[in-house]
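In: Predicted model and sequence below, questions to follow.
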Amino acid sequence: MTERTEQQKKVVTRFAPSPTGFMHVGGVRTALYAWALARQNGGTFILRIEDTDKAREVPGSIEQIIESLKWVGITWDEGVDIGGPCGPYKQSERLDTYQTYAKILIGKGLAYADPYSKEELDAFRKQAEDEKRPFLYRNHRPENPPAWDGTTPLRLKTPEIKSYSWTDLVRGELSAGPEALDDFILMKSDGYPTYNFAHIIDDLLMGVTHIFRSDEFISSIPNYLSLYSALGIEHPHFAILPPIMSPEGKKKLGKRDGAKDLLDYRKEGYLPDAMMNFLAFIGWNPGDEREVFTPAQFIEAFKIEGIQRAGAKLNEEKLDWLNKEHIKLMSDADFKAKAISYMSDALKSLPTFNARIDAVLPIIKERINKFGDIAEMETANDLQYFFTDSSYESALLLCAPKQRKGKESMTVTDLVPVYENLKTLIESMSVFTPDAVKEVLWPYAEQEGRGLVLWALRTALSGKERSPDPFTLVSIFGKEEAIRRINIAIQKIHESAQ
RNA sequence: GGCCCUAUCGUCUAUCGGUUAGGACGAAGCCUUCUCAAGGCUUAAAGCCGGGUUCGAUUCCCGGUAGGGUCACCA
């Protein structure tokens, strides 16, 4: 494996999820900040898997984690799937490393075997709870613990019961009293290390310089500080990220209360760049008024000082808006390819599809927030009429538009002459851009009544109560098709008059 | 309950002692060709409370309150 360059050693960050299911915004946001810091400094970003809890492990999680990260555009230099100079990057494959360090601590007299049964421990815990005290194992520290044979938990003998204070890159000076310190478990009785132990060893061995983690770990940090001190090592920089709250309640966002699988956003047709932009802004901002960022712009703008301290609620309406902004950034070709992939085969195989799709795309573009909306438009029959006849009621054609107040509805006598005149005008056209069409039809609409003419034309062409304006529609359909549709409308209203 | 963190419009936030407290999302209204969408303009909307420090506090300090986290052989 190639060694890191000096530059790559300066900033080493990692994302270290446990494979217990899908990734939600919280996890990916943590990864994003760590990644951005490494990227902007030419450093190293590592993907490490913390699979030390066999019971909670969900098969397929690692693949899903990798897919989620890759989707939003996060890439790593070293990790489970690609290896690297500090591998392996999966904790279950590093068991002897943790054994080695456990023995070092035992040798120093700073770790000891836990002799209690689960029942005894539960009794201690219950007692503490009854007395409204926090449970502290160290109050029950055995006087003569047996030698550790690996079949019982191994605990840290907290080197010094004291108050700790430390600097957090986001929160500033933090501190905690001695009550926060306890003899926590280093090695479990199944031979696996705890997260609390393993991550510290791995970060040390992998040269991690900055640790990003979410709010809930803040109360564990004093314990980590005692372990660093027991090991005689310096700790990396800490950056605590603000909690993400669920949209409705005030609870921290978790999988049980509605946190979505990140890949669901992909399914709904959000753009990865928009997702990254959205994630970045959950608890961070550049300090100025910019809000739309490409990944490259984000890397450039990211600063740890810009990270919030207070928790933020998830606002998916903002995601929709951001996604629309990113759609505007897409090239026509990209938009077309992506949009078409959300349409049904039935729609795409319509004979007029290829001829008209380029004209229809801009209409779709201004009507969607995310690509999944295209499928919804099709379900609502808002796409088909561009390519094939719409089945509609004559009542729609006869419905009186607002500017014809005083009349409940229009009549055949009102409409037929209008349609005939429109046909003549359309017949005379040679250029079919929306502007050119408007130029020809506008004077007539003004003269005859805009409400009447434009409503009549638009409903005849679209068969819809709501649609793009009639000039655009004529420009999409062209002469023959426009006239054909008007003829259908004429026939419809004649039928209704009988 | 102990320990810890946090606190500006409904939501996300700017402000690093002096501002008409700014922006964005969302909402409402108006305009722009009939409808819809998009766009433009406009409006409503905030410093949790109480003490200090200071000539002056949203900003600094203390207390309260509220919310969150944590007290696992989970991470």
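Out: Okay, I see it.
In: so what's the spatially most central residue of chain A up against?
Out: Centroid check for chain A by CA atoms, centre = their mean gives residue A:275 as the closest residue, at 4.6 Å. By CB atoms under 8 Å, 6 or more residues apart in numbering, the contact set of residue A:275 is A:71-72, A:262, A:265-266, A:319. In this view, the C-beta of every residue, glycine as well, is placed from N, C-alpha and C.
In: Repeat the analysis, applying 7 Å as the threshold.
Out: Residue A:275 is in contact with A:72, A:265, counting by CB atoms under 7 Å, 6 or more residues apart in numbering.
In: gap between it and residue A:63?
Out: 19 Å (CB to CB, to the nearest Å).
In: picking up where we left off before, how confident was the prediction at the residue nearest to the centre of chain A?
Out: Residue-level confidence at residue A:275 comes out at 98, pLDDT.
In: any idea how far it is from RNA strand B?
Out: 15 Å (CB to the nearest atom of the strand, to the nearest Å).
In: Now do the same for that residue: helix, strand or coil?
Out: helix (DSSP: H, G, I helix; E, B strand; the rest coil).
In: Return the residues of the stretch 101-250 of chain A in contact with RNA strand B.
Out: Residues of the stretch 101-250 of chain A found near RNA strand B (CB under 7 Å from any atom of the strand) are A:114, A:118, A:121, A:125, A:132-136, A:152-153, A:171-172, A:174-177, A:179-180, A:182, A:185, A:188-190, A:192, A:194-196, A:199, A:215-220, A:242-243, A:245, A:249-250.
In: Can you show me the strands along the stretch 351-498 of chain A?
Out: With strands called from DSSP state E, counting those that start in this stretch, the stretch 351-498 of chain A shows none.
In: Is the lowest-mean-pLDDT helix or strand in chain A in proximity to RNA strand B?
Out: In chain A, the helix or strand scored least confidently by mean pLDDT, DSSP states H and E is helix A:394-398, which has a mean of 85. No - residues of helix A:394-398 are not located near RNA strand B by CB under 7 Å from any atom of the strand, the shortest gap being 10.8 Å.
In: and for that helix, what are the contacting residues?
Out: A:409-410, A:415, A:456, A:459-460, A:465, A:489, A:492-493, A:495-496.
In: repeat for stretch A:9-23
Out: Taking contacts as CB under 7 Å, 6+ apart, the residues outside stretch A:9-23 that touch it are A:27, A:30-31, A:34, A:37-38, A:41, A:43-51, A:53, A:56-58, A:61-62, A:64-65, A:68, A:199, A:206-210, A:212, A:255, A:261-263.
In: Among these, which lie within strands?
Out: A:44-47, A:210, A:212 (DSSP state E).
In: Export these as CSV, with columns for neighbour count.
Out: As requested, those are exported to CSV (neighbours: other CB atoms under 10 Å):
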residue, neighbour count
A:44, 27
A:45, 23
A:46, 26
A:47, 27
A:210, 21
A:212, 25
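In: between those residues, which is nearest residue A:349?
Out: residue A:47 (42.3 Å; CB to CB).
In: In the stretch 1-150 of chain A, what residue spans correspond to helices?
Out: Ranges of helices in the stretch 1-150 of chain A, per DSSP state H, counting those that start in this stretch, are A:6-10, A:25-40, A:61-72, A:95-107, A:118-130.
In: Same check on the stretch 251-400 of chain A?
Out: Going by DSSP H, counting those that start in this stretch, the stretch 251-400 of chain A shows helices at A:262-267, A:272-280, A:295-301, A:316-329, A:332-340, A:345-348, A:353-367, A:372-379, A:394-398.
In: which stretch in these has the least confidence?
Out: helix A:394-398 (a mean of 85).
In: Not counting sequence-adjacent ones, nearest residue to residue A:269?
Out: residue A:371 (2.9 Å; CB to CB, 6 or more residues apart in numbering).
In: number of nearby residues for the one you found?
Out: As a burial measure, residue A:371 scores 21 neighbours (other CB atoms under 10 Å).
In: Among the helices of the stretch 251-400 of chain A, pick out the one with the most neighbours on average.
Out: helix A:272-280 (a mean of 24; mean count of other CB atoms under 10 Å).
In: Hey, what's the angle from that helix to helix A:25-40? Just curious.
Out: Between helix A:272-280 and helix A:25-40, the angle comes out at 100 degrees (axes from the mean of the first three to the mean of the last three CA atoms, to 10 degrees).
In: and the direction of helix A:272-280 versus that of helix A:61-72, what angle?
Out: 100 degrees.
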